[in-house]
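Participant: structure for the following, please:
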Amino acid sequence: MAYSALYTGISGLRSFGQALGVIGDNIANMSTPGFKAGAAQFGALLGQEIGSTGSESSTVGNGTQLLAIGTNQSQGALVQSQIDTDMAITGAGYFMAVDSTGRQVYTRAGQFTLDDQGRLVDPSGNIVQGYQAGDAGEITATIGDLVLAGELGAPTPTTSVELTANLNSTTAATKTFDPANPFTTSDYANAVTIYDSLGTSHTAQMFFVKTATANTWEVHLMVPSAEVTGGSATDQYTEVSSGADTIAFTGDGLLDTEPGFATGGTPLTINWSNGANASTVTVDFGSSITGDGGTGIGGTTQYSTGNVLLKISQDGAKVGAPTGFTVAADGTINGQLSNGDTVVLGRLALANFANPSGLERVGDNLYIETPMSGSALVGEAGTAGIGTVSNFALEQSNVDLATEFVNMITNQRAFQANSRVISSNSDLLNQLTQII
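Facilitator: Numbering: from 1, shown residues only. Presented below is the predicted three-dimensional model:
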């Protein structure tokens, strides 16, 4: 029995030594993003049955063994990041990636960046997987490498301009508009940017001239002559409106009628000389009473407060270059463009498992599936029990340092106690040999 007790003590030394190794690994990774703490799981070793008494049998234990290293799957705290490609999962699930050998790997650590081909990769160069975006920005069912760079956003030609202003009701009708000298022969002017189909910006000018008819103004839209086909050879600007368009107000200063090229009317056609498609543009001055059947309130007005521009905007945009990324809770990745537009670049594919603790750690914050974990259940964030994605955030390790220290003390004492078993049995064997 003394010899048996020696081996029992050895099993304890081995098992608790391995448990201390698990604790040491947890502490070493307490700052590793997405790390899940391990926990040693012990099992008893049975020895020889030495007999039975009545209804009870007597089996001598043969020590302990480390059956498995479990994984604490609890959520780690999220910390904010300043990097747009940093991501974290709240809830169940893993990011999917493909390593250099084509093997599918999984991770909770969302420290991603772009490689030289614009692909989203982890620090080890494994390529993050996701649902591809179609030409129209729709998300397809095809899963592959997420490529987030290398494309320009197409320009958006201007088709509509919105202008809200106040025209001074006290302006006297003393000027006759001259297209050759529009600034000096008009009472008020506003510039508006118009983008053509190639993304080129053109600075048009809208001129207002008070007429002899009460509460009525002429409106002239002009563009630089050099930028349109058939532009004036002598004048700086060429008029693209009819020259007879007017805007009128009620005696209360409210918008009554609008020019013919206003929203709901006939758009202006502008033929550019740079090869771009012709632009068709309308201008919205507000909700006119007679023209739109509106209230005349909230748009362009005519009060005695001076000529004031309140708002001018248009729906076009120039060519956009990628400037950054945002990730929605469902994993959709949107590229931010320099022209203010956003484009859908893809959507992260996340994987969940029937038994996440059965995944095998392969280093670099990566896991692979095993028969114990079950096959990957792939889906979109926020569906089928899969968690959601947070952008500009990273998941911290879920290691609890206080718990690890307590476990360290407990396992250290157990290791020491088993060493005492060995030393005590050594003393017994020594006494036995002295008798002989």
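
Participant: show me where the stretch 1-150 of the chain has strands.
Facilitator: For the stretch 1-150 of the chain, applying DSSP state E, counting those that start in this stretch gives strands covering 38-53, 56-71, 78-80, 86-90, 94-98, 104-107, 110-111, 113-114, 120-121, 127-133, 139-145.

Participant: and residue 401, which of the ones you listed is closest to it?
Facilitator: The minimum distance between residue 401 and those falls on strand 38-53, with 14.5 Å, by C-beta to C-beta. Just so you know, the C-beta spots here come from the backbone N, C-alpha and C atoms, and that holds for glycine as well.

Participant: quick one: mean pLDDT over the closest one.
Facilitator: Model confidence over strand 38-53 averages 73 on the pLDDT scale.

Participant: cool, stretch 253-272 as well?
Facilitator: The model assigns stretch 253-272 a mean pLDDT of 95.

Participant: now residue 283, nearest residue through space, not along the chain?
Facilitator: By the measure of C-beta to C-beta, 6 or more residues apart in numbering, the closest residue to residue 283 outside its immediate chain neighbours is residue 161, 4.6 Å from it.

Participant: ok, the one you found touching residue 191?
Facilitator: No: counting by C-beta atoms under 8 Å, residue 161 sits too far from residue 191 to count as a contact (11.2 Å).

Participant: that older thread, nearest to residue 181, out of the strands of the stretch 1-150 of the chain?
Facilitator: Shortest separation from residue 181 across those is recorded for strand 127-133, at 51.8 Å, computed as C-beta to C-beta.

Participant: which SS state does the residue nearest to residue 35 when sequence neighbours are not counted fall under?
Facilitator: Across the structure, with C-beta to C-beta, 6+ apart as the measure, the residue nearest residue 35 apart from its sequence neighbours is residue 397 (3.9 Å). Assigned by DSSP: H, G, I helix; E, B strand; the rest coil, the conformation of residue 397 is coil.

Participant: one more: residue 427?
Facilitator: Following three-state DSSP, we place residue 427 in the helix state.

Participant: check contacts around it.
Facilitator: Counting by C-beta atoms under 8 Å, 6 or more residues apart in numbering, residue 427 touches no other residue.

Participant: how far away is it from residue 10?
Facilitator: For residue 427, the distance to residue 10 (C-beta to C-beta, to the nearest Å) stands at 16 Å.

Participant: also residue 203?
Facilitator: Relative to residue 10, residue 203 is positioned 87 Å away (C-beta to C-beta).

Participant: neighbour-wise, which of these two wins?
Facilitator: Neighbour comparison, residue 203 and residue 10: the larger count goes to residue 10, with 15 against 11 (by other C-beta atoms under 10 Å).

Participant: contacts only, for the more buried one.
Facilitator: 63, 418, 422 are the contacts of residue 10 under C-beta under 8 Å, 6+ apart.

Participant: how far away is the spatially most central residue of the chain from residue 393?
Facilitator: Residue closest to the mean C-alpha point of the chain, counted by C-alpha atoms, centre = their mean, is residue 327 at 1.1 Å. Separation of residue 327 from residue 393 (C-beta to C-beta) stands at 10 Å.
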